[in-house]
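# give me coordinates for this.
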Amino acid sequence: MTTIDEELRARAEAWAASDPDPETAAQLRAAVEQADHGNAAAAQELADSFHGTLQFGTAGLRAPLGPGPNRMNRVVVRRAAAGVAAFLLGRLSGAPTGDRPRAVVGFDARKNSQAFALDTAAVFTAAGVETFLMPAPLPTPVLAYALRVLECDGAVMVTASHNPPQDNGYKVYLGGRAVDDDGRGAQIVAPIDAEIAGLIDAAGPVGDIPLAASGWNLLSPNLAADYRAAVVRLARADLFPARDLKIVLTPLHGVGGTTAVGVLREAGFADVSLVAEQAVPDPGFPTVAFPNPEEPGALDLALAAAREAGADVVIANDPDADRCAVAVPQPESGEWRMLSGDEVGALLGAHVVRRLGLSPAEGAGDAVNEDCVFANSIVSSRLLGRIAAAAGIRHRETLTGFKWISRVPDLAYGYEEALGYCVAPELVKDKDGISAALLVAELAADAKAQGQSLFDLLDALHTLHGVHLTDQLNVRVADLGLLEAMMLRLRENPPSSFAGSPVETAVDLSEGSDELPPTEGLLWVTRDDTRVIIRPSGTEPKLKCYLEVIRPVDSSAELADARQAARQTMDAALDDVREALGL
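Numbers count the residues shown, from 1 in each chain. Here you go, the predicted structure:
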């Protein structure tokens, strides 16, 4: 007995007939046969795979691998490449005759990443785009670096970053002549995403998209070496000469291990060891449930290796190495703890202040350095703003995502709480987990030489600027419609207080403001300065709730009590968020 309708069957059979990938074509035919024999799971997967079209947005494309227009596959990638190529050609339509757009294509070690990159190069080349292809699976920051040094007008990175193993994705950057100064080298933003999406829709059937058999430029491995050398030059041995630091590093089965270890060792950090079980790229990510250093358990092997080795710090990159996680032992107990993204963001911010030759309190709130800006996403801690103000550095808040942070004019340092840090925007106009790892090592080694830990440095920041405690509540859903329902519930019945403190500011971020473009999300600030932001994730099926509690501190003697009070307020606020969401 069949469990799929004839229209779906016809669409599936037509897709399989035109699919350039024998594997996904065979998967599709097998799913149709299984559904015909009453397999409800196969029927549901078919229906979902053909339910609409995978939408191209500011995150590019990201979805599970598989056949159909709502999955990542070679048909979807070729059509996306045709749309991006048409966009680049349109942007340079007024260029002198024979002056073609230039684009670079990179890929990680996920399943089908190299095939998607080759298809992109073939489509670009046939369309008339001068194309450069990375020589091997390499980190996303290397691709972002190549975009700028090769003076390309566009770039594509095939990666799903820290998503589950079954996913893949397609990030698009613009540079050169295709975008203005602020966006040069960064990922696309609205309305460019909609323009490219329209061109993808106009690309027509995949069989009508021309493919070149050759003609693109395969880049030399020297490009990755050039990136490593450029990052190594960021080290300020003149200011921070200490190099006595035992580091355990994990790339979480991703492509960043060789590059990150090379950078650290070339910068003088000789004692770096890789987590053996996670050192080699593996698209199955066999030792972790999710290849995301934020997820519980992801660092278990690294922490075990660090305990055995007596290490000073654990550094973890996500699979495409654009994020960086840090864990260190707590001075009192020796127990290892992973620092939050906001804690690392504040530590690196204070370190960049010192690298700029400024005193943490030099500016006394006056903008003494007009050519220097710190920035972080609106969902990240407000502590960086206070660090910047104290040093006389301008500060900006942006929407979530480095596509916004990296566009801030005169950016010197930017971060977002999801373990993303941009410490060298002149090299990579995006988050870069490898250059961040170098500065973390520099900072940790300097602290160790002074007889301090990273926790001591955090104590100093909290004593100076107040305890800033952040936390998150993530609600993962199977049906994206549930996210809309929860946001509607919050708009219709907004909370009046959190942790007993009345809401004094309520902002619907979807309406935009003079400072921020519209985005889906809600923000509340209470009388005691507790802040709650709730928004759907842009890359995963979950609702993300960000909370921050601030407690003033007059001296280090008050820190323990202030932290305890902040934790109690945070726990109460989290309970209020759960109640508001109906959990």
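# what's the domain layout of this structure?
Under automatic domain parsing, the residue ranges defining each domain of the chain are 1-51, 55-219, 228-330, 343-462, 466-581.
# please work out which residues outside stretch 230-240 touch it.
Applying CB atoms under 8 Å, 6 or more residues apart in numbering, the external contacts of stretch 230-240 come out as 145, 263, 266-268, 354-355, 423-424, 427, 432, 434-435, 438-439, 442-443, 445-446. Where you see a C-beta, it was placed from the backbone N, CA and C, and this is true even at glycine.
# just stretch 547-558 next, same as before
Applying CB under 8 Å, 6+ apart, the contact partners of stretch 547-558 are 381-382, 459, 462-463, 466-473, 498-499, 529-533, 559, 562-563, 565-566, 569-570, 573-574, 577.
# could you redo the last one with a cut-off of 7 Å?
Under the contact criterion CB atoms under 7 Å, 6 or more residues apart in numbering, stretch 547-558 has outside partners 381-382, 459, 462-463, 466-471, 529-532, 559, 562, 565-566, 569-570, 573-574.
# in PyMOL, select just the buried ones from the residues you listed.
Taking 16 or more other CB atoms under 10 Å as the burial criterion, the selection of buried members of those in PyMOL is written as:
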select buried, resi 381+382+459+462+463+466+467+468+469+470+471+529+530+531+532+559+562+566+569+570+573+574
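# test my guess that Ala16 contacts Ala26.
No. Here Ala16 does not reach Ala26: they are 8.1 Å apart, not a contact under CB atoms under 7 Å.
# in the chain, which helix has the most residues?
Using DSSP state H to define each element, the chain has its longest helix at helix 559-581.
# how much distance is there from that helix to the middle of the chain?
For helix 559-581, the distance between its averaged C-alpha position and the chain's averaged C-alpha position is 27 Å (CA atoms, centre = their mean, to the nearest Å).
# and that helix, what does it pack onto?
Helix 559-581 makes packing contacts with helix 454-465, strand 467-476, strand 542-551 when contacts are defined by 3 or more CB pairs under 7 Å, 6 or more residues apart in numbering; DSSP states H and E.
# for those, give me TSV that also has distance to Val373 and mean pLDDT.
Listed next are the helices and strands packed on helix 559-581 as TSV, based on distance: least, CB to CB, whole Å; pLDDT from 0 to 100:
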stretch	distance to Val373	mean pLDDT
helix 454-465	19	96
strand 467-476	20	94
strand 542-551	21	95
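# buried deepest among those, which one?
Of all those, strand 542-551 carries the top mean neighbour count, a mean of 22, counting by mean count of other CB atoms under 10 Å.
# strand partners of it, parallel vs antiparallel please.
strand 467-476 (antiparallel), strand 531-536 (antiparallel) (DSSP bridges).
# got the CA coordinates for it in PDB?
The C-alpha coordinates for strand 542-551 follow below in PDB (Å, rounded to 0.1, in the frame of the first residue of the first chain):
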ATOM      1  CA  LYS A 542      15.900  26.000  18.700                       C
ATOM      2  CA  LEU A 543      14.900  29.000  20.700                       C
ATOM      3  CA  LYS A 544      17.700  30.800  22.400                       C
ATOM      4  CA  CYS A 545      17.300  32.800  25.600                       C
ATOM      5  CA  TYR A 546      20.200  35.000  26.800                       C
ATOM      6  CA  LEU A 547      20.200  36.400  30.300                       C
ATOM      7  CA  GLU A 548      22.600  38.700  32.100                       C
ATOM      8  CA  VAL A 549      22.700  39.800  35.700                       C
ATOM      9  CA  ILE A 550      25.000  42.700  36.900                       C
ATOM     10  CA  ARG A 551      25.900  43.300  40.500                       C
END
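# Asn39: which of the helices and strands packed on helix 559-581 is closest?
Among the helices and strands packed on helix 559-581, the nearest to Asn39 by CB to CB is strand 467-476 (25.9 Å).
# got the buried residues for the helix or strand harbouring Ala447?
Assignment of secondary structure by DSSP states H and E places Ala447 within helix 433-449. Going by neighbour count (16+ other CB under 10 Å), the buried part of helix 433-449 is 433-448.
# one more: stretch 210-227?
Applying a neighbour-count criterion of 16+ other CB under 10 Å, the buried positions in stretch 210-227 are Leu211, Trp216, Leu219, Leu223, Ala224, Tyr227.
# quick one, what contacts the residue lying closest to Gly521 once chain neighbours are set aside?
On the basis of CB to CB, 6 or more residues apart in numbering, the spatially nearest residue to Gly521 that is not a chain neighbour turns out to be Arg535, at 3.4 Å. With contact set as CB under 7 Å, 6+ apart, Arg535 has these partners: Glu520, Gly521, Lys544.
# can you check the pLDDT for Arg535?
Taken from the predicted model, the pLDDT recorded for Arg535 is 94.
# and for Thr2?
Here, the pLDDT recorded for Thr2 equals 51.
# with Pro96 instead?
The score at Pro96 is 66. That number is its pLDDT.
# just the residues contacting the helix or strand bottoming out on mean pLDDT in the chain, thanks.
Among the helices and strands of the chain, helix 481-492 carries the lowest confidence by mean pLDDT, DSSP states H and E, at a mean of 88. The set of residues external to helix 481-492 that reach it, using CB under 7 Å, 6+ apart, is Val477, Glu520, Leu522, Ile534, Pro536, Leu543, Ala580, Leu581, Gly582.
# any low-confidence regions in the stretch 101-250 of the chain?
Scanning the stretch 101-250 of the chain for pLDDT under 70 picks out no residues.
# where do the helices sit along it?
Assigned helices in the stretch 101-250 of the chain, in chain order: 113-127, 140-149, 192-201, 222-232 (criterion: DSSP state H, counting those that start in this stretch).
# and the residue nearest to Asp508 when sequence neighbours are not counted, how far is that from Leu543?
Taking CB to CB, 6+ apart as the measure, Asp508 lies nearest to Leu522, with 6.0 Å between them; neighbours along the chain are not counted. Taken as CB to CB, to the nearest Å, the spacing of Leu522 relative to Leu543 amounts to 11 Å.
# identify the contacts common to the two.
Common neighbours of Leu522 and Leu543 are listed as Ile534 (criterion: CB under 7 Å, 6+ apart).
# residues in contact with Met157?
Under the contact definition (CB under 7 Å, 6+ apart), the residues listed for Met157 are Gly106, Thr140, Leu143, Lys171.
# a markdown table for those residues, including distance to Ala10 and neighbour count?
Formatted as a markdown table, the entries for the contacts of Met157 read as follows, by distance: CB to CB, whole Å; neighbours: other CB atoms under 10 Å:
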| residue | distance to Ala10 | neighbour count |
| --- | --- | --- |
| Gly106 | 37 | 34 |
| Thr140 | 39 | 32 |
| Leu143 | 39 | 28 |
| Lys171 | 34 | 26 |
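# using JSON lines, lay out those residues together with distance to Met157.
Shown next, in JSON lines, are the contacts of Met157 (distance: CB to CB, whole Å):
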{"residue": "Gly106", "distance to Met157": "5"}
{"residue": "Thr140", "distance to Met157": "5"}
{"residue": "Leu143", "distance to Met157": "5"}
{"residue": "Lys171", "distance to Met157": "4"}
